[in-house]
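Engineer: predicted structure and sequence below. I'll ask about it afterward.
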Amino acid sequence: YLMYMRPESQDSAFKWEDLMMKNNSELLANLGNFINRATKFTKDNFNSTIPEMNLNNDDWEMVARVNQELSNYISLLEDAREREAITSVFSISRLGNQLMQHNTPWKLVKGSPMELARAGTVVGLSVNLACLLSVLVQPYLPTLSARLQDQLKAPTTVNVIPEQFHMML
């Protein structure tokens, strides 16, 4: 929160109410919810393994949007604008939540083999986004980043901010 609210180009004021709102809306409802859904769904429905993925046009469009946010994040960090950079992290998390909501993998896993395969793609893409997010939050929340990477069994090689999103797991 302090990194998010720190002054970069103008004064900033600390407010307890704002801390609670940012914690509840961004960290818990956005980032935490997405990561929890992606990891829990992988564990419960795919035995903690990344399913085979066959991305469709909508998926590739979402990947392009993630890459735009990732490029923005890198640019902002290079300009020492950490406060603004974290908004790109939350935007990527929102894209992941939208992917899950739009595709409803919890329904797809109960359907035909084709629907199950689609659920696998959505879940695989989501858990790889969770891995990307674990790397992007590292400058802000290093302990959370390490715990998440441990839960994902991510290789240590993921700890480099990629220029483009790719399957990290």
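Structural biologist: Cool, the structure landed.
Engineer: tell me if I'm right that residue 55 and residue 121 touch.
Structural biologist: Yes - with contact defined as Cβ atoms under 8 Å, residue 55 counts as touching residue 121 (6.3 Å). Using the backbone N, CA and C atoms, a C-beta is placed for each residue, glycine as well.
Engineer: when these two are compared, which one has more neighbours?
Structural biologist: Neighbour tally, residue 55 and residue 121, criterion other Cβ atoms under 10 Å: the higher count belongs to residue 121, 20 against 15.
Engineer: OK, contacts around the more buried one?
Structural biologist: Contact partners of residue 121, counting by Cβ atoms under 8 Å, 6 or more residues apart in numbering, are 51, 52, 53, 54, 55, 56, 59.
Engineer: can you show me the helices along the protein?
Structural biologist: 2-5, 16-22, 33-46, 57-78, 82-103, 105-108, 113-136, 142-152 (DSSP state H).
Engineer: ok, which of the ones you listed comes nearest residue 160?
Structural biologist: Across the helices of the chain, residue 160 has its closest neighbour in helix 113-136 (7.4 Å, Cβ to Cβ).
Engineer: orientation of that closest one relative to helix 57-78 in degrees?
Structural biologist: For helix 113-136 against helix 57-78, the angle by axes from the mean of the first three to the mean of the last three Cα atoms, to 10 degrees is 0 degrees.
Engineer: top of the contacts of residue 121 by neighbour count?
Structural biologist: residue 51 (19 neighbours).
Engineer: now the closest residue to that residue other than its chain neighbours: how far from residue 54?
Structural biologist: Nearest non-adjacent residue to residue 51, counting by Cβ to Cβ, 6 or more residues apart in numbering: residue 120, 3.0 Å away. Distance of residue 120 to residue 54, computed by Cβ to Cβ, to the nearest Å: 9 Å.
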